[in-house]
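Peer 1: Pasted the sequence and its predicted model underneath.
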Amino acid sequence: MTNKVRVRFAPSPTGGLHLGGVRTALFNYLFARAHGGDFVLRVEDTDQSRFVEGAEQYIMRCLEWCGLSPDESPEIGGPFAPYRQSERKDRYKEYALQLVADGHAYYAFDTPEDLERMRRDFKKDEHSVAQYDHNTRMHMRNSLSLPEAEVAQLLADGARYVIRIKMPANETIHLTDMIRGEVSFDSNLTDDKVLLKADGMPTYHLAVVVDDYQMQISHAFRGEEWLPSAPVHILLWQYLGWADKMPKWAHLPLILKPDGNGKLSKRDGERLGFPVFAMNWTDPKTGETAKGFKEMGFLPQAFVNLLAVLGWNDGTGKELFALNELVEKFSIERVHKGGAKFDFEKAKWYNHQYIQHTDNAALAELAKPYIKLNLDALGNNTELPELSYVAHVAGLIKDRCTLLPDFWAQGHFFFATPTTVDEAAVKEKWNEQKRLFFTAWLAELETIPVWDQVALEASFNEQLPNHGLKKGDVMLPLRIMLVGGKYGPGVFIIAEMIGREETIKRIKNMVG
Ligand code: GLU
């Protein structure tokens, strides 16, 4: 057996990629990179009823955006292709049949009505659910309960069947989990899971074991919701004779609602106004779009960083980690057992930090689409200025920006005349004296030879004594004229940037 580290992210293409899914991909990626291993993307699309058109391509684009590109995938290919389970369909049945032949699995011919009857008849009380297990299986129609000849006849007649695992009674199944340590399961509590469906497709339980074996996966990291299925998988590794090749498992803690009350769901995001998907996801059936972190204006580096610390830390209290640092520092053993509360305010803090650490030219590229969108919406054909101008603006306002759309909200006045002006902010203290001051300064501005912030401020200051005013009396009015509100960087740099003509126009708009 190869000792090479090989891990896999194995999403089902059923819809948008939840941030928990991206975190699973990230932990796999970090582990692979740290150990010089391979990161495999396997698409688990055996459940035709949950298959959603376009979801697979969407998942790949999300990983790309996060910078978590796999080494092997349905798109890239690789030595263990195909990487889509639906294309591996023929590989699973022989193992299901082998399990039947060895007495570890059996054919079950039950109809939906039979199953319904069993659930009703064997229910012990109001709160329990009867399952297909060692208690009930001999009351059902399967190759354990029916005479051999009848089973042979049913198979010869092409009767519909599924193959179920025969869970042993009264056994304790042990798992050594890289995060949880020793975990044990009572075999009596697990039902006889279907391994091969009537349509010939394997279920997840069979496919995950066969594929992890065939793809030589060394470590399998997946969400905690799969922990109850682990005993089935462990038994399958044993029954198929591959126990010594079983990957080391780690079940990752859940990502919880902000109040810690249960798993964070898509609906929580809608309710609380934040995204739970990596990128916008439009459901092809309903046409509804669920918001993504990307479109909301998160930088992928910030998104990756905030996911890494949901359930993990390096023990030093450090919070900011670039991807290469994560590769160096991350260890799966340090992942917490308990669920990690998702805090959107903290997520925004990360993005703000990354914006501060990104150079202005790169920020300009990122902010451009949002600025363009807003300029187009204004509808007066204002062109997006050169990148160097946008970069200069980015540098001036980035400390006020948390999400990329903030580059418009905090800097729109660098690109277009403000559409609303908060005149109320200055109205009370506005008087003829101030109006005369601005009128006089306007005349200066028409001819001032050097148009830069230093010259502009000097000429502004010079005018003050002529009107018996102090600087503090007229700074806010100037800001309101140029910006439209009580925010923004220094007023003289704004005037320098927007230029003579536009500055004069904005002052005149208010002074008349
Ligand atoms: N297809 C499973 C899912 O969508 C993957 C579980 C695993 O990684 O084994 O959650």
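Peer 2: Here it is on my side, so go on. Residues are numbered from 1 along each chain as shown.
Peer 1: What residues does the stretch 51-200 of the chain have near the ligand?
Peer 2: Contacts of the stretch 51-200 of the chain with the ligand, taken as CB under 6 Å from any ligand atom, are absent. For the C-beta atoms, the positions are set from N, CA and C on the backbone; glycine is no exception.
Peer 1: Residue of the stretch 51-200 of the chain closest to the ligand, please.
Peer 2: residue 85 (8.8 Å; CB to the nearest ligand atom).
Peer 1: just checking, next helix/strand downstream of the biggest helix by length in the chain?
Peer 2: For the chain, the helix with the greatest residue count under DSSP state H is helix 360-378. Proceeding C-terminally, helix 360-378 gives way to helix 387-397 as the next helix or strand, assigned by DSSP states H and E.
Peer 1: tell me which residues in that following helix are buried?
Peer 2: Buried residues in helix 387-397, counted by 16 or more other CB atoms under 10 Å: 390-394, 396-397.
Peer 1: can you pull the pLDDT of the closest residue to the ligand within the stretch 101-250 of the chain?
Peer 2: The ligand sits closest to residue 222 of the stretch 101-250 of the chain, with a gap of 3.4 Å, by CB to the nearest ligand atom. With respect to pLDDT, residue 222 scores 97.
Peer 1: Confirm it sits in a helix?
Peer 2: No: assessed with DSSP: H, G, I helix; E, B strand; the rest coil, residue 222 is strand; it does not lie in a helix.
Peer 1: Whatever residue of the stretch 401-512 of the chain ends up closest to the ligand: what's it in contact with?
Peer 2: The stretch 401-512 of the chain approaches the ligand most closely through residue 403 (29.1 Å), counting by CB to the nearest ligand atom. Applying CB atoms under 8 Å, 6 or more residues apart in numbering, we find residue 403 in contact with 296-298, 348, 351.
Peer 1: rerun that using 6 Å as the cut-off
Peer 2: Going by CB atoms under 6 Å, 6 or more residues apart in numbering, residue 403 touches residue 297.
Peer 1: do residue 227 as well
Peer 2: Here residue 227 is in contact with residue 251 (CB under 6 Å, 6+ apart).
Peer 1: May I have the secondary structure class of it?
Peer 2: Residue 227 - assigned by three-state DSSP - is helix.
Peer 1: The one 3 residues further on now?
Peer 2: Using three-state DSSP as the criterion, the local structure at residue 230 reads helix.
Peer 1: hang on, it packs against residue 175?
Peer 2: Yes: counting by CB atoms under 6 Å, residue 230 touches residue 175, with 5.3 Å between them.
Peer 1: what sits opposite the residue of the stretch 101-250 of the chain closest to the ligand in the beta ladder?
Peer 2: With DSSP bridges as the criterion, residue 222 is bridged to residue 251.
Peer 1: mind listing what residue 177 touches?
Peer 2: Contacts of residue 177 were listed using CB under 6 Å, 6+ apart, and they are 183, 249, 251.
Peer 1: Same check on residue 437?
Peer 2: Counted by CB under 6 Å, 6+ apart, residue 437 has contacts 467, 469, 474.
Peer 1: Burial check on the second one, number of neighbours?
Peer 2: Okay, so that is residue 469. 15 (other CB atoms under 10 Å).
Peer 1: cool, the first one as well?
Peer 2: Residues lying near residue 467 (other CB under 10 Å) number 18.
Peer 1: what about residue 287, how many neighbours?
Peer 2: 7.
Peer 1: So it, which state does it fall into?
Peer 2: Residue 287 is classified as coil under three-state DSSP.
Peer 1: What distance do you get for it to residue 281?
Peer 2: Distance, residue 287 to residue 281, by CB to CB, to the nearest Å: 12 Å.
Peer 1: element containing residue 235?
Peer 2: helix 230-239.
Peer 1: Determine how far that helix lies from the middle of the whole chain.
Peer 2: A distance of 31 Å separates the centroid of the chain from that of helix 230-239, by CA atoms, centre = their mean, to the nearest Å.
Peer 1: Next: stretch 243-262.
Peer 2: So, by CA atoms, centre = their mean, the centroid of stretch 243-262 is 16 Å from its chain's centroid.
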